[in-house]
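# Provide a 3D model corresponding to the input given below.
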Amino acid sequence: MKTSNAAASQKPQSYRFDPEILREYDIRGIVGKNLSATDAYYVGLAYGTFVKRETGGNRICLGYDGRHSSPDFQKAMVEGLMAAGIAVERVGLGPTPMLYFAVKDRKADAGLMITGSHNPGHYNGFKMTLQNAPVYGAMVQEIGRLAAAGDFETGAGSLVDIDIQDAYVERLMRDTKLVAGKSMKIAWDCGNGAAGEIVRRLTKKLPGEHILMFDEIDGDFPNHHPDPTVDKNLVDLVKVVREQKCDLGLAFDGDGDRVGAVDEKGNILRCDMLITIYARDVLKRHPGATIIGDVKCSQVMFDEINKMGGKGLMWKTGHSLIKAKMAETNSPLAGELSGHIFFKDGWYGFDDGIYCSIRLIDALVEAGEPLSKIMETLPKIVNTPEARIEVDEKEKFGLVSKLVANIKARAETDKTITVDDIDGARVNTPDGWWLVRASNTQNVLVMRAEAQTEAGMARIKAMIEGEMAKIGQKADFSAGH
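Numbering: from 1, shown residues only. A predicted model of the protein is given here:
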């Protein structure tokens, strides 16, 4: 353990962030365009100020991912945090859930992760958490306000380096049911993201045969983009699972807080179906509990949760928004189609793709049958993956507002359709449903559709194409998968 003490090296001044980087549930931008080491310094200074005033504490854990800009951002952020009088506990390079674990395990007041998540390599950003609450929405805007006003706390901060990796792996291992005699053959695609080293350490301890793919952390992401919700990014994993006759394939995004999975036949599982599998186990211990899915999740998931005696609740997309809703409803399990899945049952309530992998392995051990067999028990539907249509960042929310207004007007005369607008437009029709919403992390509109039949899907897609054309956009479902 290495420690040091330092006072603020430069006098705080006011600073204005580009408003585009102050997102709904994090701070994120393009390096060299609207995000720099100077931004990192002032985020540290403003967030340190926010944490001291919000919690009365001054201890913050700090981690970073494998992007090329992250080490420089970390150095600047340490300076900003210490200038605010923060005791910084630096946990180093690793996945975002390792940082979240450090905050919980070390009982720190807050955490700050430097990561561009699943965005392309030229993006970066900052995810923030308090000990017992997410940081999002108005709190993100308050950090911007503090910086713009130059309203900073000051003091002599301190810095300590903490090696949390082994403690995190041991905690992941604590409850696993994968023991000698029940071993499996599993392929792990780390996508050259920040989860690589942790997955290496974890699989050395797990019984069975483990094939590690792209586990070298590399901010260029040379093999494929680290986003497991996009089918083309799982091509290599599917191939390995089929050729090596694996029981399961697992994949992670750039910072390891999201998971993707393929069954032993190489079929891709959407994360709403994973949540359905997890719910079977969780509801045994929490009968009647609320289980949350975002607006992109399948109706099958909500229906199955209700059939199992749980309460399926649809909510807004966004990891911080989901975490806040979990706390409000005392939910033991929640998730998003994008692969953010949150276990309060047996875990800490934060999104952790690696822990989700352990729970999926456990579900297979418990079932004693292949993943494809488990999936056969669920109703058969036709659905699309997420499709992403690139639009101007400044226009994306306005475009969705226009679409919502148009479809609501249509619903006034066409009583066969209804509209849920908690996050974009989720439109229910006799054939199924479709969704268009604005991403909070990228300059895209996100679309998804689900129907009972192929013919119904054709009708739904025709409706989407017509509504998107009204706002000057083309509904291309080949975009993003």
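# how about the helices in the stretch 301-450 of the chain?
Listed in chain order, the helices of the stretch 301-450 of the chain (DSSP state H, counting those that start in this stretch) span residues 319-329, 353-367, 371-376, 396-413.
# Distance from the chain centre to the second one, please.
The reference is to helix 353-367. Taking the mean of its C-alpha atoms, helix 353-367 sits 18 Å from the chain's own mean (Cα atoms, centre = their mean, to the nearest Å).
# Could you do stretch 293-308 as well?
Its chain's C-alpha centre lies 19 Å from the corresponding centre of stretch 293-308 when counted by Cα atoms, centre = their mean.
# Show me what counts as buried in it.
Burial within stretch 293-308, assessed by neighbour count using 16 or more other Cβ atoms under 10 Å, is assigned to 293-302, 304-305, 308. The C-beta positions use only the backbone N, C-alpha and C, and glycine is treated the same way.
# how many other residues sit next to the closest residue to residue 155 other than its chain neighbours?
For residue 155, the nearest residue in space outside its immediate sequence neighbours is residue 85; the separation is 2.3 Å by Cβ to Cβ, 6 or more residues apart in numbering. Residue 85 sits with 19 neighbouring residues when counted by other Cβ atoms under 10 Å.
# And the pLDDT at residue 319?
According to the predicted model, the pLDDT of residue 319 comes to 81.
# Am I right that it is in contact with residue 257?
Yes: proximity of residue 319 to residue 257 meets the contact threshold set by Cβ atoms under 8 Å, at 7.2 Å.
# overlap in contacts of those two?
Taking Cβ atoms under 8 Å, 6 or more residues apart in numbering as the contact criterion, the residues that touch both residue 319 and residue 257 are 340, 351.
# quick one, which of those two is more surrounded?
Neighbours per residue, other Cβ under 10 Å: of residue 319 and residue 257, the larger number sits with residue 257, 32 against 29.
# any low-confidence regions in the stretch 151-300 of the chain?
Counting by pLDDT under 70, the low-confidence segments of the stretch 151-300 of the chain come to 180-181.
# Which parts of it are helices?
Assigned by DSSP H, counting those that start in this stretch, the helices in the stretch 151-300 of the chain fall at 165-173, 196-205, 235-243, 271-285, 299-307.
# quick check: domain ranges of the protein?
For the chain, the structural domains run 2-165, 181-268, 270-349, 382-470, going by automatic domain parsing.
# Just the endpoints, please. Distance across the last one?
This means domain 382-470. 26 Å (Cα to Cα, to the nearest Å).
# From the chain's centroid, how far away is that domain?
If you compare the mean C-alpha spot of domain 382-470 with that of the full chain, they lie 22 Å apart, counting by Cα atoms, centre = their mean.
# Begin at 36 from now on, thanks
With 36 as the first residue, the last one maps to domain 417-505.
# got the phi/psi numbers for the residue nearest to the spatial centre of the chain?
The centre of the chain sits closest to residue 375, judged by Cα atoms, centre = their mean, with a distance of 3.9 Å. For residue 375, the backbone dihedrals (degrees, to the nearest 10) come out as phi -80, psi 110.
# Name the nearest residue to it, ignoring sequence neighbours.
Going by Cβ to Cβ, 6+ apart, residue 375 has residue 386 as its nearest residue, at 4.1 Å.
# Equivalent analysis for residue 472, please.
Excluding its sequence neighbours, the residue lying closest to residue 472 (Cβ to Cβ, 6+ apart) is residue 459, at 2.6 Å.
# which residues does the one you found contact?
Under the criterion of Cβ under 8 Å, 6+ apart, the contact partners of residue 459 comprise 330, 435, 438-439, 470-473, 481.
# got those as TSV, with distance to residue 238 columns?
Putting these into TSV (distance: Cβ to Cβ, whole Å) gives the following:
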residue	distance to residue 238
330	35
435	42
438	45
439	46
470	36
471	39
472	36
473	38
481	33
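# between those residues, which is nearest residue 303?
Of all the contacts of residue 459, the one with the least separation from residue 303 (Cβ to Cβ) is residue 481, at 17.8 Å.
# Buried ones in stretch 228-237, by neighbour count?
Taking 16+ other Cβ under 10 Å as the basis for neighbour counts, the residues of stretch 228-237 that come out buried are 228-237.
# what about it, distance to the chain center?
The chain centroid and the centroid of stretch 228-237 are separated by 17 Å, computed with Cα atoms, centre = their mean.
# Any stretches of the stretch 36-185 of the chain with poor pLDDT?
In the stretch 36-185 of the chain, residues with pLDDT under 70: 36-47.
# where do the strands sit along the stretch 136-285 of the chain?
145-149, 158-165, 193-196, 220-224, 244-248, 283-287 (DSSP state E, counting those that start in this stretch).
# Mind putting the ones you listed into TSV with distance to residue 412 and mean neighbour count?
Output for the strands of the stretch 136-285 of the chain, formatted as TSV (distance: least, Cβ to Cβ, whole Å; neighbours: other Cβ atoms under 10 Å):
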stretch	distance to residue 412	mean neighbour count
strand 145-149	38	28
strand 158-165	36	25
strand 193-196	49	16
strand 220-224	22	24
strand 244-248	27	17
strand 283-287	17	28
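# possible to save those strands as TSV with distance to residue 132?
Formatted as TSV, these follow (distance: least, Cβ to Cβ, whole Å):
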stretch	distance to residue 132
strand 145-149	9
strand 158-165	11
strand 193-196	19
strand 220-224	15
strand 244-248	18
strand 283-287	10
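# For residue 398, find the nearest of those.
Checking the strands of the stretch 136-285 of the chain against residue 398 by Cβ to Cβ gives strand 283-287 as the closest, at 10.1 Å.
# What pairs with that closest one, parallel or antiparallel?
Strand 283-287 has the following sheet partners, assigned by DSSP bridges: strand 220-224 (parallel), strand 294-297 (antiparallel).
# Just the CA trace of it, in CSV.
Extracted in CSV, the C-alpha atoms of strand 283-287 (Å, rounded to 0.1, in the frame of the first residue of the first chain):
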residue,chain,number,x,y,z
LEU,A,283,-21.9,-21.4,-22.4
GLY,A,284,-20.4,-18.2,-23.9
LEU,A,285,-20.1,-14.9,-22.0
ALA,A,286,-19.2,-11.5,-23.2
PHE,A,287,-18.6,-8.1,-21.6
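# No more questions from me, cheers.
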